[in-house]
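Asks: When you get a sec, could you give me coordinates for this:
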Amino acid sequence: MRNTLVIVGAGFSGTVLAANLLRRPPAAPTDIVLAERGSAIGRGAAYASHEFPYLLNVPAARLSADSRDPLQFLRFARTRLAAADGEDFLPRALYGDYLQDLLLQAERAAPPHIRLVRLFGEVTGIKQCDGAKPLVAQFAQREPILADFVVLALGVAPPRPPAWAARVADHRAFRHDPRDLPNGLASEHSVVIVGNGLTMVDAASILSRDAGRIPTLHTISRRGLLPLPQTAFRAGASQGGGESLLASAHSLKQLLKAGRALAREVEACGGDWREAVTSIRKLAPRLWRQLPAAEQRRFVRHLQVHWDVHRHRLPPQLAERIEHLRRSGRLQVNAGRIQNVIAADGRLRVSWRPRGSGELKQLVVDLLVNATGPNCGIDDSADALVNSLRSAGLVSADALRLGIRTARYGACLNAQGIASNHLFYLGPMLRADHWEATAALELRDHAEHLAAHLLEQLGS
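Replies: Numbers count the residues shown, from 1 in each chain. Reported below is the predicted structural model:
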């Protein structure tokens, strides 16, 4: 009997996991089933092809999907863009091309007893069974597949429409998808973008691509903080500070103090504060697990937004674009909360309260864009498969609603907190136990560790 391993989702995580399994195949005959509900392998939402050239926010030399070959992506990029430099921020769609090629090369090199099966269809549920194979993957429009192992390589679901959008969800001036933006806006129009993170920057970049037709852009988020820019710095140059950080992980106040001290030390030695952030990122899983639950809650409530603007940084050209828009008055960044939105003669009237103020302000706009970013929590997920798994008790949420609870190698914890031997999760919802689990390199490492574990299990 052939072994069967089903990977649900063929974005970055699923594609890199499949490539690792193909490169180091088990001795027994095995089918690796890569199931994708979209229309393309290796892209997902992050690296899909769009008319607008969305940029990666990490330099090309630091984006290899193979830890053994750090410049692999850069070499691939130079086959398409001969002048590409290791510090360039390249198009996201090009990275999708790279992931597709990575999988194709691994498939071609795999021995005959290992088969990669690409399936395009939606997995609607995972069930346990008592037969020779412990799991069955159910599909919307095809026969179910019995599996020895199932890996949920799911990204995060888009956010549910916020409460204030209930009355205007179907209005032509409201966009819940920040990439579904109209082309006809001009300088006489106005827009509110809800959110101030990387998703907002993408939306603002699209809306300002025609220099002579830029509408007035208003952003609203709780704190009004913008992502900070990337710079060319010595990645990994900061080697110290780890012991101090780990020793401080019992208290958020002490951990913040140690992090600031590390940044000052790096800059005093002629470095860049971003080196300190990189050092903290490497320790983030250990720091997160050492923090008491009450301190974790305090971090999410008070400090997460500050960490995010330092951690998720902008390519320099995008940072310059945003700064130019602000200086020209075409972009106005606001801190506050939306209270109400109503239709107003084909436009939308947005009532919002500035942070720290009791005064209610109003904006009448031609477009309202929800750019609040993805939703990692599974209790209110918009993903039908995640809801099915949660209802069946096969996966469980963490107390802070950050993602899916997992054990070693991403083994899913069921509703009773017991780790599965056959169902695994790989993707950004690992943040429930690792905090930092969204970047390509972090997910690459998780994929490599999970592949090694699965190959050991298949071999036994």
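
Asks: how about the strands in the stretch 151-300 of the chain?
Replies: Per DSSP state E, counting those that start in this stretch, the stretch 151-300 of the chain has strands spanning 174-175, 190-194, 216-221. These are given in chain order.

Asks: now what about the last one, what contacts it?
Replies: In this case it means strand 216-221. Residues outside strand 216-221 that contact it (CB atoms under 8 Å, 6 or more residues apart in numbering): 187, 189-197, 200, 204, 207-208, 325, 329-338, 350, 352, 363, 365. No exception for glycine: its C-beta is placed from N, CA and C like everyone else's.

Asks: Equivalent analysis for stretch 347-364, please.
Replies: Under the criterion CB under 8 Å, 6+ apart, residues 168, 171, 173-174, 190, 192, 218, 220, 222-224, 334-344, 365-368 lie in contact with stretch 347-364.

Asks: and that stretch, what's its mean pLDDT?
Replies: Mean pLDDT, stretch 347-364: 96.

Asks: cool, and stretch 150-161?
Replies: Stretch 150-161 shows a mean pLDDT of 86.

Asks: Now do the end-to-end distance for it.
Replies: 30 Å (CA to CA, to the nearest Å).

Asks: For it, which residues meet the burial criterion?
Replies: Residues of stretch 150-161 classed as buried: Val150, Val151, Leu152, Ala153, Leu154, Gly155, Val156, Ala157, Pro158, Pro159 (neighbour count, 16 or more other CB atoms under 10 Å).

Asks: With distance to Asn414 as extra columns, can I get the residues you listed in JSON lines?
Replies: Formatted as JSON lines, the entries for those read as follows, by distance: CB to CB, whole Å:
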{"residue": "Val150", "distance to Asn414": "14"}
{"residue": "Val151", "distance to Asn414": "16"}
{"residue": "Leu152", "distance to Asn414": "13"}
{"residue": "Ala153", "distance to Asn414": "19"}
{"residue": "Leu154", "distance to Asn414": "17"}
{"residue": "Gly155", "distance to Asn414": "22"}
{"residue": "Val156", "distance to Asn414": "21"}
{"residue": "Ala157", "distance to Asn414": "21"}
{"residue": "Pro158", "distance to Asn414": "26"}
{"residue": "Pro159", "distance to Asn414": "26"}
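
Asks: domains of this protein?
Replies: Per the record's domain assignment (automatic domain parsing), the chain is made up of the domains 3-158+376-459, 163-228+313-370, 242-291.

Asks: and of these, who's closest to Leu303?
Replies: Closest approach to Leu303 among the domains of the chain is made by domain 242-291 (7.0 Å; CB to CB).

Asks: How far does that closest one sit from its chain's centre?
Replies: Here domain 242-291 shows a centroid-to-chain-centroid distance of 23 Å under the convention CA atoms, centre = their mean, to the nearest Å.

Asks: and if you look at stretch 384-401?
Replies: Offset of stretch 384-401 from its chain centre (CA atoms, centre = their mean): 19 Å.

Asks: Can you tell me the SS state at the spatially closest residue to Arg337 that is not a sequence neighbour?
Replies: The shortest distance from Arg337 to any residue that is not its chain neighbour, by CB to CB, 6 or more residues apart in numbering, is 5.5 Å, and that residue is Arg353. Here Arg353 is recorded as strand under DSSP: H, G, I helix; E, B strand; the rest coil.

Asks: The chain should start at 177 in everything you say after this.
Replies: Understood, numbering begins at 177; the last thing we discussed is Arg529.

Asks: low-scoring pLDDT stretches of the chain, where are they?
Replies: Judged by pLDDT under 70, the chain has its weakly predicted residues at 409-417, 636.

Asks: doesn't Ala253 fall inside a helix?
Replies: Yes. Under the criterion used here (three-state DSSP), Ala253 sits inside a helix.

Asks: Could you check how many residues crowd around it?
Replies: Residue crowding around Ala253 was assessed by other CB atoms under 10 Å; the count is 25.

Asks: which residues does it contact?
Replies: Listed by CB under 8 Å, 6+ apart, the contact set of Ala253 reads Ala236, Ala260, Asp264, Leu266, Leu270, Tyr274.

Asks: Could you double-check that the last one lies in contact with Phe252?
Replies: Yes. Contact criterion CB atoms under 8 Å: Tyr274 and Phe252 qualify, at 4.7 Å.

Asks: Got a PyMOL select line for the buried ones in the contacts of strand 392-397?
Replies: To isolate the buried ones among the contacts of strand 392-397 in PyMOL, judged by 16+ other CB under 10 Å, type:
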select buried, resi 365+366+367+368+369+370+371+372+373+376+380+383+384+501+506+507+509+510+511+512+514+526+528+539+541
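
Asks: Just to be sure, Leu292 is in a strand?
Replies: Yes. Applying three-state DSSP, one finds Leu292 inside a strand.
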